[in-house]
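Q: Okay, sequence plus prediction incoming.
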Amino acid sequence: MLQYLSVLLIFCLGKWWHRSADAEALRFLLAPTDTLVGLATGSTGNWRAGEGYLHAGPHFIIDASCAGFNFLLIGFLLLAYLLLRRFTAWWTIPVALIAAWPLTILANTSRILTILTLGPAPLGIKDTAWHEGQGAFVYLSVLVIAGGLLTYWLKSAESTSLSNA
């Protein structure tokens, strides 16, 4: 029970910190996302202090709102919950936090590439609603897939250990 409360405390502290976090503070998420987006698009992002990574060719910027910090926290909650259900050990908390980082990079990169691929909003849909809808779809898809894969892996590992016992 104490582990679950610790996970919630980390989540709340992360939300509190994120309220004042700028692009510089979120660079640990922005930089790897920019690198992967750059590789996929053939565009080089140039860091602009206080703004983010500007891609001049396709003309978009990967800024603090694209960092996916909220996704990092939600991914952490998911991974910590699934791991704690199986192991109930303290080591699961840092493992979940560390594993949430590449999951966030993958989700952010997928989200940005989806937005770039699908282009502007269709007639009758506001750009902000289109942008947010695509992001929500990608983020939810990544969470469902990651949760399903981890659940499958944990069950497989459990049945393997039971059959070896």
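A: Alright, I've got the coordinates.
Q: Skip the chain neighbours and tell me the closest residue to Ala64.
A: Ala23 (4.4 Å; CB to CB, 6 or more residues apart in numbering). Yep, even glycine has a C-beta here, placed from its N, CA and C like the rest.
Q: Which helix runs longest in this protein?
A: Among the elements of the chain assigned as helix by DSSP state H, the one spanning the most residues is helix 127-164.
Q: Would you mark the buried spots in that one?
A: 130-131, 134-135, 138-139, 142-143, 146, 150 (16 or more other CB atoms under 10 Å).
Q: tell me the mean pLDDT over that helix?
A: For helix 127-164, the mean per-residue pLDDT is 89.
Q: from memory the residue nearest to Ala64 sits against Gly52, does it?
A: Yes: Ala23 lies in contact with Gly52 (CB atoms under 8 Å); the separation is 4.8 Å.
Q: so what sits against both of those two?
A: 30, 63-64 (CB atoms under 8 Å, 6 or more residues apart in numbering).
Q: how about the nearest residue to the spatially most central residue of the chain, chain neighbours excluded?
A: In the chain, the residue lying closest to the centroid (CA atoms, centre = their mean) is Thr104, at 2.1 Å. Closest residue in space to Thr104, ignoring its immediate chain neighbours: Leu72 at 4.3 Å, by CB to CB, 6+ apart.
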